[in-house]
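Peer 1: the following block contains a protein sequence and its predicted model.
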Amino acid sequence: MEQFPKGKRLLTRLDYSRVFSKSKRIHNRAFTLLIHFNDNTTSSKMGMVVSKKVHKTAVQRNRIKRLIRESFRTKQNLNTAEYVIMAKPGSARYTNTELLAFLNQLWSQTEKK
């Protein structure tokens, strides 16, 4: 399996707060996507928020995180920006294919913007 290198991740609190304060929001039933277009960024970076409100067990939260990382890795034609994906409460009830469909829908909406 391919790695998710540090260069593609949002790592610090400063990174996350920048995206949360100045971002466009796109959402569907399972996720909210925050996008911050930054001129200094040479490649797309992503962070994710999957809290205990999504599901109480770590197994389900980790499943959602794996699906988010996989969908971000496979998208080649994303705009150069910083992204934060937040899972909504109850998104753990969806199957893997449904979650991937929701994520692909979000990524396709970012390409239009």
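Peer 2: Sure, I can see it.
Peer 1: enumerate every residue touching K75.
Peer 2: Going by C-beta atoms under 8 Å, 6 or more residues apart in numbering, K75 touches W107. Placement of C-beta: from N, CA and C, glycine included.
Peer 1: where exactly do the helices run in this protein?
Peer 2: Using DSSP state H, the helices of the chain run over 13-21, 58-74, 96-112.
Peer 1: out of these, which is closest to A87?
Peer 2: When the helices of the chain are ranked by proximity to A87, the top entry is helix 58-74, at 5.2 Å, counting by C-beta to C-beta.
Peer 1: quick one: residues in contact with the closest one.
Peer 2: 2, 4, 8, 44, 46, 48, 50-52, 54-55, 78, 83, 85, 87, 91-92, 96, 99-100, 103-104, 107.
Peer 1: ok, 6 Å please
Peer 2: 2, 4, 46, 48, 50, 54-55, 85, 87, 92, 99-100, 103 (C-beta atoms under 6 Å, 6 or more residues apart in numbering).
Peer 1: output it as PDB - backbone C-alpha positions only.
Peer 2: Taking only C-alpha atoms (Å, rounded to 0.1, in the frame of the first residue of the first chain), the coordinates of helix 58-74 have been written out as PDB:
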ATOM      1  CA  ALA A  58     -11.900   3.500  17.200                       C
ATOM      2  CA  VAL A  59     -12.200   0.700  14.700                       C
ATOM      3  CA  GLN A  60     -15.000   2.600  12.800                       C
ATOM      4  CA  ARG A  61     -13.200   5.900  13.000                       C
ATOM      5  CA  ASN A  62     -10.000   4.400  11.600                       C
ATOM      6  CA  ARG A  63     -12.000   2.800   8.800                       C
ATOM      7  CA  ILE A  64     -13.300   6.200   7.800                       C
ATOM      8  CA  LYS A  65      -9.800   7.700   8.000                       C
ATOM      9  CA  ARG A  66      -8.400   5.000   5.800                       C
ATOM     10  CA  LEU A  67     -11.100   5.600   3.200                       C
ATOM     11  CA  ILE A  68     -10.400   9.400   3.300                       C
ATOM     12  CA  ARG A  69      -6.700   8.900   2.800                       C
ATOM     13  CA  GLU A  70      -7.200   6.400   0.000                       C
ATOM     14  CA  SER A  71      -9.600   8.700  -1.900                       C
ATOM     15  CA  PHE A  72      -7.200  11.700  -1.500                       C
ATOM     16  CA  ARG A  73      -4.300   9.600  -2.800                       C
ATOM     17  CA  THR A  74      -6.100   8.400  -5.900                       C
END
